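> coords below, sequence missing:
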């Protein structure tokens with residue numbers, strides 16, 4: 001890289017980022033609940049089925 005290279009980044013609040021990700025990836029369809037219900041007890045839904053979660057998140061990689 002040249003010495004005068006400029007790096008630019010955008011930082012978003014984590015909660016805002018998660019809301020966007022939840023909607024973009026249609027996680028309400030995957031978990032079967034809206035984002036408010038998910039936020040009240042995320043582990044209840046996230047760890048419900050390890051194999052389902054592994055298959056789903058493999059698509060994101």
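Structure's in. What do you need? Computed from a predicted structure; not experimentally measured.

> quick check: chain neighbours aside, which residue is closest to residue 28?
Spatially, and ignoring its direct neighbours in sequence, residue 28 is nearest to residue 34 (5.4 Å; CB to CB, 6 or more residues apart in numbering). In this view, the C-beta of every residue, glycine as well, is placed from N, C-alpha and C.

> run a quick neighbour tally on the one you found.
When counting by other CB atoms under 10 Å, one arrives at 11 neighbours for residue 34.

> tell me the pLDDT at it?
Model confidence at residue 34, given as pLDDT, is 94.

> and for the one 5 residues further on?
In this model, residue 39 is scored at 90, pLDDT.

> mind checking the SS state of it?
Recorded secondary structure, residue 39: helix (DSSP: H, G, I helix; E, B strand; the rest coil).

> and the gap between it and residue 46?
Going from residue 39 to residue 46 by CB to CB, to the nearest Å gives 11 Å.
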